[in-house]
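Enquirer: sharing a model that was predicted from the sequence below.
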Amino acid sequence: MRFGVLRFPGSCDEVDALHAAARVGDAELIWHRDRDLRGVDAVVVPGGFSFGDYLRAGAIARFSPAMESVIEFAADGGLVLGICNGFQVLCEAQLLPGALLPNTNLRFTFRQVRLDLVQRDTAFTCAAPEGATLSIPAKHAWGRYHADAELLAELEENDQVVLRYAAGENFNGSVADIAGVRNRAGNVFGMMPHPEHAVDEQTGGSRDGLVIFESMRMAVEAAHA
Amino acid sequence: MRARVLIRPKAGILDPQGVAVERALPALGFDGVENVRIGRLVELDVDDAAQLQPMCEKLLANPLVEDYEIVLE
């Protein structure tokens, strides 16, 4: 199992994502100018401030050469995880539905959040125990997930909402408390909180984030079996 | 050709910046202000004005959450 972690100018969480992925498999960085994904089994689009968040968060990174390859990779069924800015990039690339808007509090907010795992039967959460609540740090200014009423109904009907902020934890104003969504096919997933920062009790407040990477490894191995 | 592209949050989408400014104005003595909305202005010189619309759809605006208006000078 080999993860490829993208790096854009302005990324800042790609090294933690690399370390988290390396806990469950092999992992390497892929510079955004590189079209060659080097045969990785899964791609992580990391957090940070790609291209300074200019124009809109993720709007410019979405056109990087590596992203063009990621779009093809996803169309072929490859697993793609977007974290925070990576989630924004995947929405801008229309690999995921909806959009992310400025937090209603207008502040960059950093806090540990509890997340309800609402879909366990996914390539990104299958390693989690039944009824799990994850404790994971979130840190962003632009994390209010938006979907209009029609899209929201579609997401609910197709079980595309994977993570929700637990009661009282939705600090950014996301519609329907959505913290993470997947695409219809189920191979692309984005979340605002940072599982890569929660792989060690001492630095992440929990190890709950590992379950996301472990699930991806299980899904890839099941596909190869 | 000089062009201006005005980009606004779509109607119905909460604009917290607009709300914050709307709340600040009465404190400065400006009463009777409602529906403050804050968007973005992109000014550019362009050879072919026909490119402006696809430019907006692809990059300058996110049509899911923003409306845009092209003004040619």
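Expert: Structure's in. What do you need?

Enquirer: rest of the way, CA atoms for contacts and neighbours
Expert: OK.

Enquirer: show the contacting residues for residue 70.
Expert: In the absence of a named chain, chain A is used. A:37, A:43, A:80 (C-alpha atoms under 8 Å, 6 or more residues apart in numbering or on different chains).

Enquirer: can you look at chain B instead?
Expert: The contact partners of B:I70, by C-alpha under 8 Å, 6+ apart, come to B:3-6, B:52-53.

Enquirer: doesn't A:G39 belong to a helix?
Expert: No: using DSSP: H, G, I helix; E, B strand; the rest coil, the assignment for A:G39 is coil, not a helix.

Enquirer: just give me the neighbour total for it.
Expert: By other C-alpha atoms under 10 Å in any protein chain shown, 10 other residues sit near A:G39.

Enquirer: report the separation between it and A:C12.
Expert: 24 Å (C-alpha to C-alpha, to the nearest Å).

Enquirer: over to A:V40?
Expert: 21 Å.

Enquirer: which one is the closest residue to chain A within chain B nearest to, not counting chain neighbours?
Expert: Proximity to chain A, evaluated over chain B using C-alpha to the nearest C-alpha, is greatest for B:P16 at 5.5 Å. The shortest distance from B:P16 to any non-neighbouring residue, by C-alpha to C-alpha, 6 or more residues apart in numbering or on different chains, is to A:T104 (5.5 Å).

Enquirer: one step back: and the contacts of A:V70, which is closest to chain B?
Expert: Checking the contacts of A:V70 against chain B by C-alpha to the nearest C-alpha gives A:V80 as the nearest, at 21.9 Å.

Enquirer: tell me the mean pLDDT over the helix or strand hosting that closest one?
Expert: Assigned by DSSP states H and E, A:V80 belongs to strand A:79-83. Across strand A:79-83, pLDDT averages out at 98.

Enquirer: check which helices and strands it sits against.
Expert: Here strand A:79-83 touches strand A:42-45, helix A:85-92, strand A:188-191, going by 3 or more C-alpha pairs under 8 Å, 6 or more residues apart in numbering or on different chains; DSSP states H and E.

Enquirer: for the ones you listed, which one ends up most surrounded?
Expert: helix A:85-92 (a mean of 28; mean count of other C-alpha atoms under 10 Å in any protein chain shown).

Enquirer: now for it, which elements pack on it?
Expert: On a contact count with 3+ C-alpha pairs under 8 Å, 6+ apart, helix A:85-92 meets strand A:42-45, strand A:79-83, strand A:99-101, strand A:188-191.

Enquirer: quick one: A:Q94 from B:L14, how far?
Expert: A:Q94 is 22 Å from B:L14, by C-alpha to C-alpha.

Enquirer: please apply the same query to A:L100.
Expert: Distance, A:L100 to B:L14, using C-alpha to C-alpha: 12 Å.

Enquirer: tell me which of these two has more neighbours.
Expert: Set A:L100 next to B:L14 and count neighbours by other C-alpha under 10 Å: A:L100 wins out with 24 against 16.

Enquirer: what about the helices in chain B?
Expert: Here chain B has its helices, by DSSP state H, at B:16-27, B:52-55.

Enquirer: turn those into JSON lines, including distance to A:G190, mean pLDDT and mean neighbour count.
Expert: Formatted as JSON lines, the helices of chain B follow (distance: least, C-alpha to C-alpha, whole Å; pLDDT from 0 to 100; neighbours: other C-alpha atoms under 10 Å in any protein chain shown):
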{"stretch": "helix B:16-27", "distance to A:G190": "24", "mean pLDDT": "95", "mean neighbour count": "15"}
{"stretch": "helix B:52-55", "distance to A:G190": "26", "mean pLDDT": "97", "mean neighbour count": "14"}
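
Enquirer: near chain B, which residues of chain A show up?
Expert: A:55, A:59-60, A:92, A:98-99, A:102-106 (C-alpha under 8 Å from any C-alpha of the partner chain).
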